[in-house]
Structure formats: C-alpha cells, structure tokens
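A.B. asks: Build me a structure from this.
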Amino acid sequence: MAATATTRASSSLLAAALLVAAVAVSAAAVCNMSNEQFMSCQPAAAKATDPPAPPSRACCDALAGADLGCLCGYKNSPWMGVYNIDPERAMELPAKCGLATPANC
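C.D. replies: A predicted model of the protein is given here:
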C-alpha cells in the first residue's frame, strides 16, 4: 500500500511540475520567439487547414528574429500537436518568408 501511495504522490508531483513547465514555456520566449509570435505562425502551419494560410507579416518578422536552429529542435516535439502544427508545414515557413532554413534542420 505504501508503494502505491508513493507512486501516486510521485505521479502528482510530476504532473504538477509539467504543468508549471508548460506555463513557463508559454509565457517565456523560446528560441527568441514569444508565445504570441509563435502563434502568429500557427495558421500557416496548421494541420487542420488545407491549404494552409500563407505566413503573415507578423509570422515572418517573428521568424526573422528567431533562432531557427533552435526551432528545428522542436520539429518532432509533442508540443507541435498541442498547437495543431504540422512539422512539415512549419519547416516550409522560413523559405516562404524569404529566410534560409538551417542546413542541419
């Protein structure tokens, strides 16, 4: 019984830590992009939209100031699904904005 209570307490603590991390990530800049800037690109990379919208000026401006190499590290992240982003469409955005996609991406 003690092991089950410890397991439940550990699971609750982990869930709380993940929630705090998720809030911190959404409020802070990631790869030099705020959550607002990131979301400005969401319509152009959305999974559920066919065809996707072209990237907005706000999206392209955000990408121009972003660390694109850092963003490449998120292309297989489960966060893409949370934001309804198709990783392949997201990888096309720099080129659509006239920016070079990092070679190692």
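A.B. asks: In terms of helices and strands, where is residue 41?
C.D. replies: helix 35-45 (DSSP states H and E).
A.B. asks: The helix or strand just after that helix - contacts with which helices or strands?
C.D. replies: Note on helix 35-45: by DSSP H and E, the next helix or strand toward the C-terminus is helix 57-65. Packed against helix 57-65 by the contact rule (3 or more CB pairs under 8 Å, 6 or more residues apart in numbering; DSSP states H and E) you find helix 35-45, helix 87-96. Glycine gets a C-beta too; all of them are placed from N, C-alpha and C.
A.B. asks: How about the helix or strand that comes right after helix 57-65, which residues are buried there?
C.D. replies: As assigned by DSSP H and E, the chain's next helix or strand after helix 57-65 is helix 68-72. Going by neighbour count (16 or more other CB atoms under 10 Å), the buried part of helix 68-72 is 68, 71-72.
A.B. asks: so what does helix 68-72 touch, helix or strand wise?
C.D. replies: When contacts are defined as 3+ CB pairs under 8 Å, 6+ apart, helix 68-72 sits against helix 87-96.
A.B. asks: Report the buried residues of the helix it packs on.
C.D. replies: In helix 87-96, counting by 16+ other CB under 10 Å, buried: 87, 89-94, 96.
A.B. asks: Looking at these, which is nearest residue 50?
C.D. replies: Using CB to CB, residue 89 is the member of the buried residues of helix 87-96 that lies nearest residue 50, at 10.2 Å.
A.B. asks: export the buried residues of helix 87-96 to a markdown table and tack on pLDDT?
C.D. replies: Conversion of these to a markdown table gives the following (pLDDT from 0 to 100):
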| residue | pLDDT |
| --- | --- |
| 87 | 92 |
| 89 | 94 |
| 90 | 93 |
| 91 | 93 |
| 92 | 94 |
| 93 | 96 |
| 94 | 96 |
| 96 | 97 |
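A.B. asks: List just the nearest of the residues you listed to residue 77.
C.D. replies: Using CB to CB, the buried residues of helix 87-96 come closest to residue 77 at residue 87, 8.5 Å.
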